[in-house]
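[1] Please find the sequence and the predicted model below.
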Amino acid sequence: MKLNFRPSKIAFLDFETQSEVDLTKGTLRKYAKHPSTKALTCCVKIDGQMFRFGPYLNDEDRQMLASIAEDRVLVAHNAPFDAAIWEYTLKLPEATWFDTLPCARAAGLPGGLDKLSKAIGGRGKDKNGELLIKMLCILKNGKVPAIGPAHQLLLNYNVQDVEELELVYNRVKDFGEPEVMAVDHTMNERGIKLDRPLLEAMYDMYDVNSRAKNSEFTEHTRGVNPRSTKQMTEWLNSRGFAINSCNKHVLNSLIANPHDFHCGDTDNDVVSINVEAMCTAIELRREVVGVGKGKVETAMVALDEDDYIRDLLVIYGAHTGRWTSRRLQVHNLPGRIKYLDMRNVEPTLDAVTAIAAATSNITGSIIPVADCLGSMLRRLVLADNLLVADYAAIEARCLAWMCKCAHMLNSYTDPLAPSLYYDMGRTVFGRDIDKVSDPAEYVVAKALFLGAGYGMSGAKFEAMLSLRESRATVEKFKASGTTAKEAVKAYRELFPEIPQLWRECGEAVKNAVAGISSEAGRCFFHMVGRDLHAVLPSGRPFVYRNARIEMMVPNYCKMYNMPEIPVPTVVFDSVRGLGFLYGSKIVENICQATCRDLLADAIVRCEKAGILPLLHVHDELVCNAPLDRFDEMLSIMTIPPPWADGFPVKVEGYSGKQWSKISDGYVNKVMQTGVLL
C-alpha cells in the first residue's frame, strides 16, 4: 500500500465485504486473506460519476478497478482496510491511496465516518446499514445469503458512504502532516515481531494465576465481583473503611495507612482483623483485575502468521496530536517496580512466583505475581538490537522554552546545573534538600514543580499528595510549616514567567474567538471558519472545533466554596464532548503538542537515516538498529529542528537486546543538544 496525501487525480472508493471472520477479534491481514472473505460490493466515484460493482465482484469488475487505479489516487476512509481487500482479497496490483481518517483526526474531528460526516454537516451513514451488514456481510455457519433485493439496498448504503467520503475529503484533505503520516504507515506495516513462545507461556501463567486468585478472592469476600468497583467499595465500607473510590491511589493509601481510614469498631482486635481482611482482599484483587492478562489475550489474537503484530500505533489518537495504540496497547504498560528485574526470569509460574516473593521481601510490601508478569510484557518485543531513548523532562523543558524563562532555560542548558526540583525544595522547606538523603522532600518538590506548571491549585496539590504519596511524605510536607496554597504561590513567584504565559494565552484565545488574531507562547491563534486554530511552532495547526464563548460557572467555585457566578468562557466541541479553554489549560495543550512534534520530527529523520523506528510510547522512541548507530540516533533526537531553535533537549537511552524499564548491564548514554554527557 502506497500513500499520496497531495494527489492531483483522485477516485473515491469504498468496499462492503462478506466473511465468516470477525474483524474486531483478528487482524486485517487474516481477515482479507481468509477464503470466506469476499468483496461483496464496491462503489467508486470519479469526476462526479458513481460506478457500482457487485453483488460479488467478478473478473470484469476487477479489471475496471485496476484501470481506474492506474492514473488515480484512491481516496478511502481507513484506507488500510480497503487496501487489504484490494491486494489480498481481490489480488489487484498495488494502488496508491489517500486516507481521510488521520486527516480528520488532525482536524479535531471524530474518526468514525458516521459521526465525522454529521460533524461537518453531512447525512452520516445510512441507518439501514447495520441491519444489512448483519444480514449479508457476517457469515454464520457458512451460510451465504442468496442474491436478492437486500443486496441492492446494500449497494445504496455503499453509495451513501462514498458520497459522505467525498464530503469528508473536501473538508479534511489539507490537514495532517504527509511526511509524518507516511512514516507512521510504514511503521504500522513493518510491525513488531513478538516472541510467540513467551506470549503463549505468559497467557498460561496469567490464566492459572488469575483463576486461582479469583477463587480465593470470591471465597474471602463472600461473592464480591473483583471487577466491580461499586461492590468492592461497599465491601470495604462494611469492614469499617471510609472510602468512596477504588482507584489505585486510594487503595495504595489505604494499605499504607489503614488506621487513617478505619471508622468502625474501635476494639484493637477487631481493627486488626479488619485491616488484615482488607489487605488480603486488595492483594488478591490486584492479581485478578490487572491490565496485563487482557493485553496478552489481545496480542495473541492480533498476531499475524509470521509472528508480527501490525497496525499498532494510532496517529493523532489524542487531541494534542499525540499517538495512542491498539491491540497490545503499549501506551499504558505497567511501570517499573523497584528492585524487580524480569529480563532473565524463566517464563514459568513457579519462577515468577519466586521472584515476586523475593521482591516482596526486599521492598517490605506485597508484589503480586500479576505485576511481575506485567513487567515481562516488554520482553515480548524481538529485534536484533534495540536502541531506546527517552526525552528527559521534556514537558518542563518545553514550558521553559515557551515562556522564555531565563532561570529555567539556564538550568536546562547547563548539564552541571543542579535540578530545579532542589530550588523548589529549598523554597518549600526553607533549606537545601537532596534526592538521596531527603527522598520525601524531593518527591514533594518534584510533584509541585511538575503540577504547578500547568496551573495546579493549592487544593489540588493537597489532594494529590494525600492520594498518591505515603503518609511519611505528607507528614514531611506538613512539618515544613508551608501550606499547599503557599507552596503553589511560591512556585509562581519563583518562576513568574509561567503564570504570565497563562494570562497571555488566555487572552490570545479570547481575542481570537472574538475575531482578533493573536500571538502567545510562540503560537499563533486565529479562527478558521468556526474553528480556533492554535498554530504551533512547528507550523502544525492544533484545532479546537466550533470554538465560542459561553457563560459558564468555573469549576474552582465549588472547590473554594465561592459564589457560582457564570463568567464568559471559551468552549469547543471535542470528540468526547464539551471542552473548556483557559490560560493554563491552553499552555498544557500547546506544550504537549509541541513535545509531540519534536518526537514526530525525530521519527521521520530516524526512518530516513535507516535507524528503523519500531514503536514509540509518549516521549520514548524504540528503534531496531546496531549499537554503532546509537550516537547518531541520539544526535537526531537532541538536535532540534529549525522551528525549535533554543529548545534545551536532553535524551537518555540504552542499547540492548530487550525493551525494558531497567537498563543495568546495557550500554547507557546521555546526550544534550548533540553532545554526549
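    Perfect, I can see it now.

[2] ok, for the residue nearest to the spatial centre of the chain, nearest residue in space, not its chain neighbours?
    Centroid check for the chain by C-alpha atoms, centre = their mean gives Thr324 as the closest residue, at 3.5 Å. In space, and not counting its chain neighbours, Thr324 is closest to Gly317: 2.9 Å by C-beta to C-beta, 6 or more residues apart in numbering. Just so you know, the C-beta spots here come from the backbone N, C-alpha and C atoms, and that holds for glycine as well.

[3] contacting residues for the residue nearest to the centre of the chain?
    By C-beta atoms under 8 Å, 6 or more residues apart in numbering, the contact set of Thr324 is 313-314, 317-318, 331.

[4] Could you give the number of residues near the residue nearest to Thr324?
    17 (other C-beta atoms under 10 Å).

[5] please begin residue numbering at 51 from this point
    With 51 as the first residue, the last one maps to Gly367.

[6] pLDDT wise, what is it at?
    For Gly367, the pLDDT comes out at 94.

[7] How many neighbouring residues does Arg79 have?
    Neighbours of Arg79 under the rule other C-beta under 10 Å: 19.

[8] what's the answer for Gly273, then?
    When neighbours are defined as other C-beta under 10 Å, Gly273 has 9 of them.

[9] what does Ile118 give?
    Neighbourhood size, Ile118 [other C-beta under 10 Å]: 16.

[10] Same question for the one 3 residues further on.
    Counted with other C-beta under 10 Å, the neighbours of Asp121 add up to 10.

[11] With adjacent residues omitted, what lies nearest to it?
    In space, Asp121 is closest to Lys59, 6.1 Å off (C-beta to C-beta, 6+ apart).

[12] before we move on, what about Asn639?
    Nearest one to Asn639, counting by C-beta to C-beta, 6+ apart, is Thr370 at 5.8 Å.

[13] Would you agree that neighbour falls within a helix?
    No: under DSSP: H, G, I helix; E, B strand; the rest coil, Thr370 falls outside any helix and is assigned coil.

[14] Just to check, it is in contact with Asp647?
    No: contact criterion C-beta atoms under 8 Å: Thr370 and Asp647 do not qualify, at 9.6 Å.

[15] Compare the two (neighbour count), which wins?
    The neighbour comparison of Thr370 against Asp647 (other C-beta under 10 Å) goes to Asp647, with 25 against 18.

[16] where do the strands sit along the stretch 551-700 of the chain?
    568-570, 573-578, 581-585, 591-594, 598-602, 617-624, 627-631, 662-667, 670-674, 700-706 (DSSP state E, counting those that start in this stretch).

[17] closest to Glu284 out of the ones you listed?
    Nearest to Glu284, of all those, is strand 627-631, at 29.1 Å by C-beta to C-beta.

[18] average model confidence for that closest one?
    91.

[19] what comes up buried for it?
    Of the residues in strand 627-631, 629, 631 count as buried by neighbour count, 16 or more other C-beta atoms under 10 Å.

[20] elements contacting it?
    Using 3 or more C-beta pairs under 8 Å, 6 or more residues apart in numbering; DSSP states H and E as the contact test, the elements touching strand 627-631 are strand 617-624.

[21] Show me what secondary structure element comes after the helix or strand containing Leu249.
    Secondary structure from DSSP states H and E places Leu249 in helix 246-271. Where DSSP H and E defines the elements, the next helix or strand beyond helix 246-271 is helix 279-288.

[22] now the angle between helix 246-271 and that following helix, please.
    Helix 279-288 and helix 246-271 are oriented at 40 degrees to each other (axes from the mean of the first three to the mean of the last three C-alpha atoms, to 10 degrees).

[23] Give me the mean pLDDT for helix 279-288.
    92.

[24] May I see the buried residues of it?
    Those would be 282-283, 285-286, for helix 279-288 by 16+ other C-beta under 10 Å.

[25] neighbouring contacts of that helix?
    With C-beta under 8 Å, 6+ apart as the test, helix 279-288 has contacts from 271, 274-276, 293-296, 304, 328, 331, 335.

[26] for stretch 223-239, same thing?
    51, 53, 55-56, 130, 148-150, 152-154, 156-157, 360-363, 365-366, 373, 590-591, 593, 650, 653-654, 657, 663-665.

[27] List the buried residues for it?
    Residues 223, 225-227, 230-235, 237-238 are the ones in stretch 223-239 that count as buried (16+ other C-beta under 10 Å).

[28] now stretch 176-187
    Buried, per 16+ other C-beta under 10 Å, within stretch 176-187: 176, 179, 182-183, 186-187.

[29] all helices for the stretch 301-450 of the chain, in order.
    Remark: helices assigned in the stretch 301-450 of the chain by DSSP state H, counting those that start in this stretch are 308-311, 318-339, 342-352, 399-413, 419-426, 444-453.

[30] show me where pLDDT drops low in the stretch 601-727 of the chain?
    Per-residue confidence for the stretch 601-727 of the chain (pLDDT under 70) gives these ranges: 609-610.

[31] for stretch 414-428, the distance to its chain's centre please.
    Relative to its chain's centre, stretch 414-428 lies at 22 Å (C-alpha atoms, centre = their mean, to the nearest Å).

[32] How far does that stretch stretch from one end to the other?
    End-to-end distance of stretch 414-428: 25 Å, with C-alpha to C-alpha, to the nearest Å as the criterion.

[33] Mean confidence (pLDDT) on it, please.
    91.

[34] for stretch 223-237, same thing?
    pLDDT averaged over stretch 223-237 gives 97.

[35] Send me it as PDB with only the CA atoms.
    Extracted in PDB, the C-alpha atoms of stretch 223-237 (Å, rounded to 0.1, in the frame of the first residue of the first chain):
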ATOM      1  CA  LYS A 223      -7.700  17.000   2.800                       C
ATOM      2  CA  ASP A 224      -5.400  19.800   3.800                       C
ATOM      3  CA  PHE A 225      -4.900  18.700   7.400                       C
ATOM      4  CA  GLY A 226      -2.200  16.400   8.700                       C
ATOM      5  CA  GLU A 227       1.500  16.000   8.000                       C
ATOM      6  CA  PRO A 228       2.100  14.000   4.900                       C
ATOM      7  CA  GLU A 229       5.600  13.000   5.700                       C
ATOM      8  CA  VAL A 230       4.800  12.000   9.300                       C
ATOM      9  CA  MET A 231       1.700  10.100   8.300                       C
ATOM     10  CA  ALA A 232       3.700   8.200   5.600                       C
ATOM     11  CA  VAL A 233       6.300   7.100   8.100                       C
ATOM     12  CA  ASP A 234       3.600   6.200  10.600                       C
ATOM     13  CA  HIS A 235       2.000   4.000   8.000                       C
ATOM     14  CA  THR A 236       5.400   2.400   7.200                       C
ATOM     15  CA  MET A 237       6.000   1.600  10.900                       C
END
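
[36] want to throw the buried residues of stretch 223-239 into JSON lines with secondary structure?
    Shown next, in JSON lines, are those (three-state DSSP):
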{"residue": "Lys223", "secondary structure": "coil"}
{"residue": "Phe225", "secondary structure": "coil"}
{"residue": "Gly226", "secondary structure": "coil"}
{"residue": "Glu227", "secondary structure": "coil"}
{"residue": "Val230", "secondary structure": "helix"}
{"residue": "Met231", "secondary structure": "helix"}
{"residue": "Ala232", "secondary structure": "helix"}
{"residue": "Val233", "secondary structure": "helix"}
{"residue": "Asp234", "secondary structure": "helix"}
{"residue": "His235", "secondary structure": "helix"}
{"residue": "Met237", "secondary structure": "helix"}
{"residue": "Asn238", "secondary structure": "helix"}
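
[37] so which of those residues comes closest to Tyr81?
    If you rank the buried residues of stretch 223-239 by distance to Tyr81 using C-beta to C-beta, Asn238 comes first, at 15.8 Å.

[38] what about the residue lying closest to the closest one once chain neighbours are set aside, distance to Arg376?
    Closest residue to Asn238 apart from its sequence neighbours, by C-beta to C-beta, 6+ apart: Asp361 at 4.9 Å. To Arg376, Asp361 is 7 Å away according to C-beta to C-beta, to the nearest Å.

[39] Among the two, which residue is more densely surrounded?
    Asp361 (20 against 14).

[40] so the more buried one touches Ala129, yeah?
    No: judged on C-beta under 8 Å, Asp361 makes no contact with Ala129 at a distance of 11.9 Å.

[41] Good, we can wrap up now.
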